[in-house]
Structures are given as C-alpha cells and as structure tokens.
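Chemist: Pasting the sequence and the predicted model now:
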Amino acid sequence: MAKVFTLDRQNKKLVGVCAGLANYFDIDVTLVRVLFIVATFAGCSLGFWAYIVLWAIAPNDTNITTV
C-alpha cells in the first residue's frame with residue numbers, strides 16, 4: 001500500500017503537519033518540529049511558509065479511507 005501524507009490530528013501540537021511528516025518519513029516528531037523551528041528562524045521564514053502550505057494542501061487523517 002502506498003504511503004499518503006496526511007495531517008496527524010491525534011499527535012498534533014498546532015494542526016498536525018509535523019506529526020504527519022514524522023509518520024510519513026517514519027522519524028521522530030520532535031526532530032521534525034525542531035527542524036521547522038530552525039528553518040523559521042534561520043532566515044526568510046522558510047519553515048513558517050512551508051508549514052502553511054503543507055497545512056493547506058494536506059488532507060486530514062480522518063478523511064483517508066483504506067481499501
């Protein structure tokens with residue numbers, strides 16, 4: 001079965017983007033959160049805009065049905 005990136009509403013802090021990315025790539029959610037924070041403050045607020053875009057395009061995990 002193919003992996004699908006979804007927002008993780010169970011393990012969220014804000015809207016579930018970082019938890020969803022951690023589930024998709026099978027890595028620790030804390031690492032993803034730290035990377036977003038570093039990217040946000042490192043310059044040009046890249047982490048912030050990436051978070052907003054992913055939040056806008058990613059479906060909720062409750063909207064995905066498995067066959």
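Modeler: Cool, the structure landed. Numbers count the residues shown, from 1 in each chain.
Chemist: Run through who's touching the helix or strand where residue 36 lies.
Modeler: Using DSSP states H and E, residue 36 sits in helix 29-42. Contacts to helix 29-42, defined as CB atoms under 8 Å, 6 or more residues apart in numbering, come from residues 11, 13, 17-19, 21-22, 25, 46-48, 50-51. C-betas here are computed from N, CA, C, even on glycine.
Chemist: Can you tell me the SS state at residue 12?
Modeler: coil (DSSP: H, G, I helix; E, B strand; the rest coil).
Chemist: quick one, what contacts the closest residue to it other than its chain neighbours?
Modeler: Spatial nearest neighbour of residue 12, excluding adjacent residues (CB to CB, 6 or more residues apart in numbering): residue 19 at 5.6 Å. The neighbours of residue 19, taking CB under 8 Å, 6+ apart as the test, are 7, 8, 10, 11, 12, 13, 29, 32.
Chemist: just to revisit the earlier point, with secondary structure, pLDDT and distance to residue 61 as added columns, please give the contacts of helix 29-42 in a markdown table.
Modeler: Shown next, in a markdown table, are the contacts of helix 29-42 (DSSP: H, G, I helix; E, B strand; the rest coil; pLDDT from 0 to 100; distance: CB to CB, whole Å):
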| residue | secondary structure | pLDDT | distance to residue 61 |
| --- | --- | --- | --- |
| 11 | coil | 80 | 10 |
| 13 | coil | 84 | 15 |
| 17 | helix | 91 | 12 |
| 18 | helix | 91 | 14 |
| 19 | helix | 90 | 9 |
| 21 | helix | 92 | 12 |
| 22 | helix | 92 | 13 |
| 25 | helix | 92 | 15 |
| 46 | helix | 84 | 25 |
| 47 | helix | 84 | 22 |
| 48 | helix | 87 | 23 |
| 50 | helix | 87 | 19 |
| 51 | helix | 88 | 17 |
